[in-house]
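Enquirer: Requesting a structural model of the entry that follows:
(2 chains)
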Amino acid sequence: MHAILSFFSVFSTLPIILASIGLVLATSSFISGLQLVKGANISERKIHRINGFSTMILYLALAVFYFLENGIGVWGVIAWLLGFFVIFLKLSIVHAKNKRRAFKYVSWLGGTLIVIWLILVYINIPL
Amino acid sequence: MLTVALEFLSFAGSLHAATLMVPENYKKIQEAVDKAAPGDTIMVSAGSYNENIVINKPLSIKSGKGSAYTVIRPLVKKEPVLKISDTANVTVAGFTMTGSDIAGIQLLNARNVLLSGDMAKQNVNGIILSHSDNNTLTGNEAYLNSYYGIYLDASSGNKIIKNTADANNDKGIFLSHSDGNTIQDNVANRNRWNGIMLFSSHGNTVSDNSTIGNAYGIVTSNSNDNNMISNTTLPNIFIILPIVLIYLGVMSYLLQKTILRLMHRS
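Expert: Sure thing, here's the model as predicted:
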């Protein structure tokens, strides 16, 4: 009981709650994305898009929280822009005309996005 | 004045130091302690002893075979197994203290005490230093205690080096209102709450310690000017939280898929 309570006590700040929801949605989006690479399916596409879009909004919200709390520093700006770059690169590859070649790299970028969300969870765990 | 008297007694005693054997000369360790002169050494053979020991004079107590073979359990559970109080220059080496509702070893107003190779397990607290300065704890193990493995309360200038404080129900090593201590090369893993905690403690050096698998690794509260160098910390939450979240992500995907399928069917 004590262990469960101490586990839930980690959700004591808004950024860690948002980052946790982001990782959950990013995972759902990643799995549905992998299924989409195999073959088009309406429900998979809907899951992928809804979850993907939600994670993008959460990413923006976390970036705003970060800069409000820490101010605007060079390394912070570079790190958040790198994250945005990965998101937009993935979107641009998905929407590219030559999709067969592009899809080879999409799953790697999806994996990178999961890593980004893991980092976001780690940096927001309150200690 | 008391300090000078204690130092003198220690010096005078060491000139004619005797070795008392337990159980050969005395059945109980406390009997040997009572008969010993300052500076004497008490050698304890392997075995299990049921008693509460109180030391208030400078002497050495050593086990013949080490802590795994020399176990002391309290006769009165509401007292520490071993209490060293109002004295200096005591050495205790190679015992296991277990089963006390207070502590395995308690130092109260003690100075220059050396605890080496002792084991304090399954007590309420492992080793407590209270108002005790300039003592050395090295090579001790304090684990599976209900509260703290090693607890320093209002104690300064102590050296806590190469000890293990694992799997305690609260904190591994806890400093409260204790300044200028050295906490070095210790292992405080798998404690339920903090590996090492400093509360209202200033000017301590905490270096090269390992705190893995605690709820939180090293925590400082109301504490200033502490030197934290090269400690290894990995709280449990860093491992558990991502696993739980990814698991929830997979579940969320399956749930959404089922809901969308049902919607498309209808």
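Enquirer: dump the residue contacts of residue A:15.
Expert: Residues near residue A:15 by CB atoms under 8 Å, 6 or more residues apart in numbering or on different chains: A:62, A:65-66, A:124. Yep, even glycine has a C-beta here, placed from its N, CA and C like the rest.
Enquirer: can you list the weak-confidence ranges in the stretch 101-250 of chain B?
Expert: Scanning the stretch 101-250 of chain B for pLDDT under 70 picks out B:235-236.
Enquirer: Name the residue of it with the shortest distance to chain A.
Expert: Nearest to chain A in the stretch 101-250 of chain B, going by CB to the nearest CB, is residue B:249, at a distance of 2.3 Å.
Enquirer: Low-confidence regions, chain A specifically.
Expert: Ranges of chain A meeting pLDDT under 70: A:1-7, A:97-103, A:127.
Enquirer: At the contact with chain B, which residues of it appear?
Expert: Taking CB under 8 Å from any CB of the partner chain as the contact definition, chain A meets chain B at A:2-3, A:6-7, A:10, A:20, A:23-28, A:30-32, A:42-44, A:46-47, A:50-51, A:118, A:121-122, A:125, A:127.
Enquirer: rerun that using 6 Å as the cut-off
Expert: With CB under 6 Å from any CB of the partner chain as the criterion, chain A meets chain B at residues A:6, A:10, A:20, A:23-24, A:27-28, A:31, A:43, A:46-47, A:118.
Enquirer: For stretch A:72-80, list the C-alpha coordinates in CSV.
Expert: Provided in CSV are the C-alpha atoms of stretch A:72-80 (Å, rounded to 0.1, in the frame of the first residue of the first chain):
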residue,chain,number,x,y,z
ILE,A,72,14.6,31.2,-22.1
GLY,A,73,18.1,29.8,-22.3
VAL,A,74,20.2,28.7,-25.3
TRP,A,75,20.3,25.0,-24.5
GLY,A,76,16.7,24.9,-23.6
VAL,A,77,15.7,26.5,-26.9
ILE,A,78,18.0,24.1,-28.8
ALA,A,79,16.6,21.0,-27.1
TRP,A,80,12.9,21.9,-27.6
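Enquirer: Just the buried residues of it, please?
Expert: For stretch A:72-80, burial by neighbour count (16 or more other CB atoms under 10 Å in any protein chain shown) applies to residue A:80.
Enquirer: What segments of chain A are helices?
Expert: A:2-8, A:14-38, A:42-70, A:74-94, A:99-124 (DSSP state H).
Enquirer: excluding its backbone neighbours, what's nearest residue B:99?
Expert: In space, not counting the residues next to it along the chain, residue B:99 is nearest to residue B:73; the distance is 4.7 Å by CB to CB, 6 or more residues apart in numbering or on different chains.
Enquirer: Can you tell me which residues in chain B are near chain A?
Expert: Proximity of chain B to chain A is confined to B:215, B:237, B:242, B:245-246, B:248-249, B:252-253, B:256-257, B:260 under the rule CB under 6 Å from any CB.
Enquirer: In helices only, show me those.
Expert: Per DSSP H, these map to helices at B:237, B:242, B:245-246, B:248-249, B:252-253, B:256-257, B:260.
Enquirer: of all those, which comes closest to residue B:91?
Expert: For those, the closest approach to residue B:91 (CB to CB) belongs to residue B:237, at 40.4 Å.
Enquirer: What is the burial count for the closest one?
Expert: Residue B:237: 20 surrounding residues under other CB atoms under 10 Å in any protein chain shown.
Enquirer: Distance check, it against residue B:133.
Expert: Residue B:237 is 36 Å from residue B:133, where distance means CB to CB, to the nearest Å.
Enquirer: and residue 41, what is it in contact with?
Expert: I went with chain A, as the question did not name one. Contact criterion CB atoms under 6 Å, 6 or more residues apart in numbering or on different chains gives no residues in contact with residue A:41.
Enquirer: looking at chain B here, not the other one
Expert: B:19, B:60.
Enquirer: Then residue B:128?
Expert: Applying CB under 6 Å, 6+ apart to residue B:128 gives the contacts B:103, B:106, B:151.
Enquirer: Return the distance of the helix or strand hosting it from the chain's centre.
Expert: Per DSSP states H and E: residue B:128 is located in strand B:127-130. Mean C-alpha position of strand B:127-130 versus that of the full chain (CA atoms, centre = their mean, to the nearest Å) differs by 8 Å.
Enquirer: Kindly report the same for stretch B:180-190.
Expert: Taking CA atoms, centre = their mean, one finds the center of stretch B:180-190 at 10 Å from the center of the full chain.
Enquirer: now do stretch B:259-266
Expert: That offset, for stretch B:259-266, works out to 61 Å (CA atoms, centre = their mean).
Enquirer: Tell me how far residue B:148 lies from residue B:100.
Expert: Counting by CB to CB, the gap from residue B:148 to residue B:100 is 13 Å.
Enquirer: next one: residue B:223
Expert: With CB to CB as the criterion, residue B:223 and residue B:100 are 29 Å apart.
Enquirer: more crowded one of those two?
Expert: residue B:100 (28 against 20).
Enquirer: What strand or helix carries the more buried one?
Expert: Following DSSP H and E, there is no helix or strand that holds residue B:100.
Enquirer: ok, it - contacts?
Expert: Per CB under 6 Å, 6+ apart, neighbours of residue B:100: B:74, B:80-81, B:123.
Enquirer: Nothing else from me, thank you.
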